[in-house]
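Student: Based on what follows, work out the 3D shape:
(one chain, ligands or ions: 1)
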Amino acid sequence: MDQRAVVRSGYDEIASAYAAERDEEGCDRDHVEGLASTLGDGSRVLDAGCGAGTPATDALAARHDVTGLDISREQLRKARERLPGARLVQGDLAHLPFRDGAFDAVVSFHAVIHVPREEHAAVFAEFERVLQPGGHLLVAVGSEAWAGENDDWLDTDTRMVWSFYGRERNRELLADAGFEVTSVETVPDELGGTWTIVRGRA
Ligand SMILES: C[S@@+](CC[C@H](N)C(=O)[O-])C[C@H]1O[C@@H](n2cnc3c(N)ncnc32)[C@H](O)[C@@H]1O
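Tutor: Down below sits the predicted model:
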């Protein structure tokens, strides 16, 4: 299976269904706003796997120089509708099309979990590469290790694939990528599971 192709075409198909389910005002936005408040005006921030531009890209856009990156053209089209002036780029988390040190902060919510697990180290290495030394990282990743797929995600008859590492492995991989992990928090999921929110410094 070409996991990327399944994920990309899946989000192209279900972008509206995902948007209808997404809680734009919950704790993810609180975490992004918490980080945003520590950054100077105009800081360069990457939202990696930005989806339809919420809840992270739009929370950052007010005061910061935000770039949204996503693999799905349809998600980016929706992000463009929401944020007509934002810099939005189609690309892959494991091969970021940005120069070394291009950003002061990288945020990434619920996106690394769609990349094959054996590539998570490469994704975190890319996050570290595009950050300034001392730059801030905020990611939402898995709490429990799991890999699998659903042929009818969100009752859309559309296939989707996930690849999670658990909390401790994520912490290790981020440290191995060169991050100083400054906080690891487990937060409840709207659907009954949990997510791990990690903050760190490059
Ligand atoms: C669950 S959605 C999360 C979107 C948004 N960050 C949010 O919090 O609602 C996952 C997003 O990651 C994107 N994505 C998945 N794999 C990707 C990859 N390899 N490179 C870039 N984006 C990817 C998907 O297209 C999708 O928009």
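Student: can we go C-alpha only for contacts and neighbour counts from here?
Tutor: Will do.
Student: Secondary structure of residue 78: a helix, I assume?
Tutor: Yes. Assessed with DSSP: H, G, I helix; E, B strand; the rest coil, residue 78 lies in a helix.
Student: Quick one, grab the pLDDT at the closest residue to it other than its chain neighbours.
Tutor: Using Cα to Cα, 6 or more residues apart in numbering and skipping the chain neighbours, the partner closest in space to residue 78 is residue 52 (5.0 Å). For residue 52, the pLDDT comes out at 98.
Student: right, and the helix or strand after the lengthiest strand in the chain?
Tutor: For the chain, the longest strand by residue count, based on DSSP state E, is strand 131-142. Next helix or strand after strand 131-142 toward the C-terminus (DSSP states H and E): strand 146-150.
Student: Only the C-alpha atoms, please, for that next one, written as PDB.
Tutor: Extracted C-alpha coordinates of strand 146-150, given in PDB (Å, rounded to 0.1, in the frame of the first residue of the first chain):
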ATOM      1  CA  TRP A 146      -1.100   1.600  17.000                       C
ATOM      2  CA  ALA A 147      -1.100   1.200  13.200                       C
ATOM      3  CA  GLY A 148      -4.200   0.500  11.200                       C
ATOM      4  CA  GLU A 149      -6.800   1.700   8.700                       C
ATOM      5  CA  ASN A 150     -10.500   2.300   8.300                       C
END
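Student: Can you name the secondary structure element that comes next after that strand?
Tutor: Using DSSP H and E, the first helix or strand after strand 146-150 is strand 160-164.
Student: Which SSE is immediately downstream of that following strand?
Tutor: helix 167-176.
Student: In that following helix, which of the residues would be classed as buried?
Tutor: 167, 170-171, 173-175 (16 or more other Cα atoms under 10 Å).
Student: farthest-separated two in the residues you listed?
Tutor: Using Cα to Cα, these span at most 12.5 Å, a distance reached by 167 and 175.
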